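1. need a structure here:
(chains A and B)
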Amino acid sequence: MIRHASTLNNDEKDVLQARFALRVASHLERACADVSPDVRERLRISRQSALAHIPPAIAVPRLRPAFAGASAGQSFDLDVVSGGSDAWWRRFTAFAPLAVLLAGLFLIQHIDHQKTINAAAEVDAQLLLDELPPEAYSDPGFEAFLQSSGSGAEP
Amino acid sequence: MSTDQELSEFLKSVETRAFKRTVYAVRDEEAALDIVQDAMIRLAQSYVDRPSSEWPMLFQRILSNATMDWFRRQKVRNAVLQNFSDLEVADEDGDYDLLETLAASSDASSESAADAVSRAQIVLAIEAEVAQLPARQREAFLLRYWEELDVAETAAAMGCSEGSVKTHCSRAVQALSKALRAKGIVL
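-> The predicted model follows:
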């Protein structure tokens, strides 16, 4: 028996609409099967090109231990880091090696500078502790130094 | 599975439909291939770190935006504005009621349309009518029933409300049913 549209409720109308639409979609799916090999190859190349554009810090294996539960009967996949902190963590790991390198270079420079200072200090100390040679007393510069410092250096 | 393997599998599953959907919009296969490639690259560059469950909706949104960018570049704003307006389907037959057609086809033991028209011709006719739909109706229809996104995902992909999605889908179904019936095709 053919039912008049006015006898259908909203749910039935939605079902009919969806049924028709899915039939159209199934025909469209057949159209996809008729896509030319040339187009398929171009799409494959496009896909490969897209994969090459994945940022290096993100192109790492995801650890996906599956847990029971979650929505729609699917396993609850737990990523190593969740949604929002993922990007922060990946940025940190991307810049960490550079930061370590810079810190190392700075440390090396600092140690080298300290060595230079220590060496100069040692030379100065030995000079101060050593006895003055007799020639120093005939040196005009040394005499001027003694007068300016105001100290009466005894030979 | 690594991220690039996962993305590769996803893109492989959607690329053909994405190409066809774009062809319906721009009516140029070369342009459609460029647009799809652009959308794939944008997804890989900017959104691959999102949960993979979001990729379908994100990709469809990116594809729609890439199609819009193509229209802008082509400087066919008038055509875009016209397509994006919610055109009323001219109801030449004042008594036509989609639901009568649908109800009749579901209740009656109607013979397959392949008896009268070959299956390839049916597909071509359907493709032609889908391409004739106003852009928003076509987009909503294809995302909802071909890409199998739910109403919320479709609304997110289109950047509109769920109510708008339902309205666009309803009007698209009405227009397609009437147009196909006029060609003697009953699904």
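2. When you work out contacts or count neighbours from here on, use the C-alpha atoms and nothing else.
-> Will do.
3. which sections of chain A are below the confidence cut-off?
-> A:1-6, A:59-86, A:150-155 (pLDDT under 70).
4. Helices along that one, start to end?
-> For chain A, helices defined by DSSP state H occupy the ranges A:10-33, A:37-52, A:83-129, A:140-149.
5. lowest-pLDDT helix or strand in chain B?
-> helix B:98-107 (a mean of 48; mean pLDDT, DSSP states H and E).
6. Let me know the next secondary structure element after it.
-> Remark: after helix B:98-107, the chain's next helix or strand is helix B:119-132, criterion DSSP states H and E.
7. need the contact list for B:Lys12.
-> B:Lys12 sits next to A:Arg44, A:Arg47 when contact means C-alpha atoms under 8 Å, 6 or more residues apart in numbering or on different chains.
8. Equivalent analysis for B:Glu15, please.
-> By C-alpha under 8 Å, 6+ apart, the contact list for B:Glu15 reads A:Leu43, B:Val36.
9. Likewise for B:Val36?
-> A:Ser46, B:Glu15, B:Ala18, B:Phe19, B:Thr22, B:Leu63, B:Ala66.
10. Name the SS class of it, please.
-> Using DSSP: H, G, I helix; E, B strand; the rest coil, the structure places B:Val36 in helix.
11. how near is it to B:Arg27?
-> Look at B:Val36 and B:Arg27: by C-alpha to C-alpha, to the nearest Å, they are 14 Å apart.
12. for chain B, longest helix please?
-> Chain B, longest helix under DSSP H: helix B:3-26.
13. What are the neighbouring residues in contact with the residue nearest to the spatial centre of chain B?
-> With distances taken as C-alpha atoms, centre = their mean, B:Leu142 lies nearest the centre of chain B, 2.8 Å away. By C-alpha under 8 Å, 6+ apart, the contact set of B:Leu142 is A:Ala25, B:Arg21.
14. quick one: it is in a helix?
-> Yes - with three-state DSSP as the criterion, B:Leu142 is located in a helix.
15. Next, format the helices of chain A as TSV and append distance to B:Arg138 and mean neighbour count.
-> As requested, the helices of chain A are exported to TSV (distance: least, C-alpha to C-alpha, whole Å; neighbours: other C-alpha atoms under 10 Å in any protein chain shown):
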stretch	distance to B:Arg138	mean neighbour count
helix A:10-33	12	17
helix A:37-52	22	17
helix A:83-129	33	12
helix A:140-149	97	11
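16. Could you identify the buried members of the contacts of B:Val36?
-> A:Ser46, B:Glu15, B:Ala18, B:Phe19, B:Thr22, B:Leu63, B:Ala66 (16 or more other C-alpha atoms under 10 Å in any protein chain shown).
17. Output those residues as JSON lines; include the columns distance to B:Leu187.
-> Formatted as JSON lines, the buried ones among the contacts of B:Val36 follow (distance: C-alpha to C-alpha, whole Å):
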{"residue": "A:Ser46", "distance to B:Leu187": "35"}
{"residue": "B:Glu15", "distance to B:Leu187": "26"}
{"residue": "B:Ala18", "distance to B:Leu187": "24"}
{"residue": "B:Phe19", "distance to B:Leu187": "24"}
{"residue": "B:Thr22", "distance to B:Leu187": "24"}
{"residue": "B:Leu63", "distance to B:Leu187": "29"}
{"residue": "B:Ala66", "distance to B:Leu187": "33"}
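18. of these, closest to B:Lys178?
-> Nearest to B:Lys178 among the buried ones among the contacts of B:Val36 is B:Thr22, at 23.5 Å by C-alpha to C-alpha.
19. Excluding chain neighbours, give the residue nearest to the closest one in space.
-> In space, B:Thr22 comes closest to B:Ala32 once its chain neighbours are excluded; the distance is 5.3 Å by C-alpha to C-alpha, 6 or more residues apart in numbering or on different chains.
20. wait, that neighbour sits on B:Phe19?
-> Yes - assessed by C-alpha atoms under 8 Å, B:Ala32 is found in contact with B:Phe19 at 6.0 Å.
21. can you count the residues close to the residue nearest to A:Gln17 when sequence neighbours are not counted?
-> Spatial nearest neighbour of A:Gln17, excluding adjacent residues (C-alpha to C-alpha, 6+ apart): B:Val173 at 6.7 Å. The number of residues packed near B:Val173 is 23, by other C-alpha atoms under 10 Å in any protein chain shown.
22. give the contact list for B:Glu30.
-> Counted by C-alpha under 8 Å, 6+ apart, B:Glu30 has zero contacts.
23. next one: B:Arg144
-> Counting by C-alpha under 8 Å, 6+ apart, B:Arg144 touches B:Asp150, B:Val151, B:Thr154, B:Cys169.
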